[in-house]
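>>> model the following, please.
(one chain, ligands or ions: 2)
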Amino acid sequence: MSLEGLRSSPPRPPAFPPLTGAARWRGRKIGLLGGSFNPAHEGHLHISLHALKRLGLDDIWWLVSPQNPLKSTDGMASLDKRMASARAIIGRHPHLHVTDIEHHLGTRYSIDSIQSLQRLLPHSHFLWLMGADNLQQFPRWRQWTEIMGRMPLAIFDREHYSRNCLTGKVASRYRRGRLNEGALKSIATAKTPAWIFLPLRRHPASATEIREAQPASSPFSVAMNSKE
Ligand SMILES: Nc1ncnc2c1ncn2[C@@H]1O[C@H](COP(=O)(O)OP(=O)(O)OP(=O)(O)O)[C@@H](O)[C@H]1O
Ligand SMILES: O=C(O)c1ccc[n+]([C@@H]2O[C@H](COP(=O)([O-])O)[C@@H](O)[C@H]2O)c1
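Ligands and ions are numbered 1, 2, ... in the order given. Modelled structure (predicted):
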């Protein structure tokens, strides 16, 4: 490879969190916000700050997905660009972390990432975080009932989606696992299956709308990332 080629493909930084050495995270309550972050936006930050405070979490990791198995690769910016957008939105925050750990683990399905993380960090308490739109399509995820058995779920209110999600397939199947607001602070260590719906001031940001408004030169423009 030419020197130029080497310069344009710097080695990937090691995974965060390191795939060995669980001591730092022992006993901690960690929220996992999986997403495409194509790009990251203020809505992600809004729900994360809210979750840290209301759910008594120690940390939140944004798992920037290499490729959502249910989304098209068309229009998906590179993982590096999406990671950079996530870092730019978070800025410096001691308890919010951006991670491409799924890239390092080689996982694409959430169940595989969850199993790996629980194996690597057996003394940490994980909680999956998602917006109400994601809860609606959750029954299409691979082994979604296994996920329900492995960690609690916290759902954030989101415009256009919340009413359906509270009467949908997940809500009715796991009716008895739904916790009320009195359990907010203990949800991360609750016996599974457990889930909670978090009413909060809704944030209107949406990555689709951001992409649609981008000029063609933007790394997140639909035209720039279209494979056609
Ligand atoms: N404004 C928001 N309010 C509540 N939850 C949100 C909001 N934006 C994103 N989320 C949640 O954050 C997670 C990651 O979201 P994602 O990266 O897909 O952003 P998005 O805006 O939903 O993107 P897209 O429009 O491309 O589907 C998902 O669980 C999603 O439901
Ligand atoms: O595991 C699955 O089958 C699965 C199917 C669709 C989405 N997901 C995960 O859902 C999270 C939210 O994805 P997205 O693209 O809606 O931001 C992200 O972590 C994806 O990897 C997971």
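
>>> can you get me a residue count around S172?
9 (other C-beta atoms under 10 Å). Where C-beta positions appear, they are placed from N, C-alpha and C, glycine not excepted.

>>> mind telling me what element it is part of?
Under the criterion of DSSP states H and E, S172 resides in helix 169-173.

>>> also H203?
Residue-wise, H203 maps onto no helix or strand under DSSP H and E.

>>> again, but for A88
helix 79-90.

>>> what is the mean pLDDT for that helix?
If you average the pLDDT over helix 79-90, you get 96.

>>> ok so, going back, CA atoms only: put the helix holding S172 into PDB for me.
What follows is helix 169-173 as a C-alpha-only set of coordinates in PDB (Å, rounded to 0.1, in the frame of the first residue of the first chain):
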ATOM      1  CA  LYS A 169     -47.600  -6.500  20.900                       C
ATOM      2  CA  VAL A 170     -44.800  -5.900  23.500                       C
ATOM      3  CA  ALA A 171     -47.100  -4.100  25.900                       C
ATOM      4  CA  SER A 172     -49.800  -6.800  25.800                       C
ATOM      5  CA  ARG A 173     -47.500  -9.800  26.000                       C
END
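
>>> interface residues of the chain facing ligand 2?
For the chain, the contact set with ligand 2 under C-beta under 6 Å from any ligand atom comprises 34-36, 63, 65, 68-71, 109-111, 134, 141-142.

>>> quick check: ChimeraX command selecting the buried ones in these.
Command for ChimeraX that selects the buried part of these, burial taken from 16 or more other C-beta atoms under 10 Å:
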select :34,35,36,63,65,68,110,111,134,141
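
>>> could you list which of the residues of the chain next to ligand 2 belong to helices?
Assignment to helices by DSSP state H places the following of the residues of the chain next to ligand 2 there: 110-111, 134.

>>> make a markdown table from the residues you listed and add pLDDT to it.
Converted to a markdown table, those look like this (pLDDT from 0 to 100):
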| residue | pLDDT |
| --- | --- |
| S110 | 98 |
| I111 | 98 |
| N134 | 94 |
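
>>> now flag whichever of the residues you listed is closest to ligand 1.
Ligand 1 has its nearest neighbour among these in N134, at 3.9 Å by C-beta to the nearest ligand atom.

>>> still on that earlier bit, C-terminal to the helix holding S172, what's the next element?
Defined by DSSP H and E, the subsequent element after helix 169-173 is strand 178-179.

>>> what's that following strand packed up against?
Applying 3 or more C-beta pairs under 8 Å, 6 or more residues apart in numbering; DSSP states H and E, we find strand 178-179 packed against strand 195-198.

>>> contacts for the strand it packs on, please.
Here strand 195-198 makes contact (C-beta atoms under 8 Å, 6 or more residues apart in numbering) with 50-51, 54-55, 132, 148, 152-157, 162, 165-166, 170, 174, 177-181, 183-184, 187.

>>> which ones are touching G106?
G106 touches nothing, counting by C-beta under 8 Å, 6+ apart.

>>> ok, it to D112 distance?
Counting by C-beta to C-beta, to the nearest Å, the separation of G106 from D112 is 9 Å.
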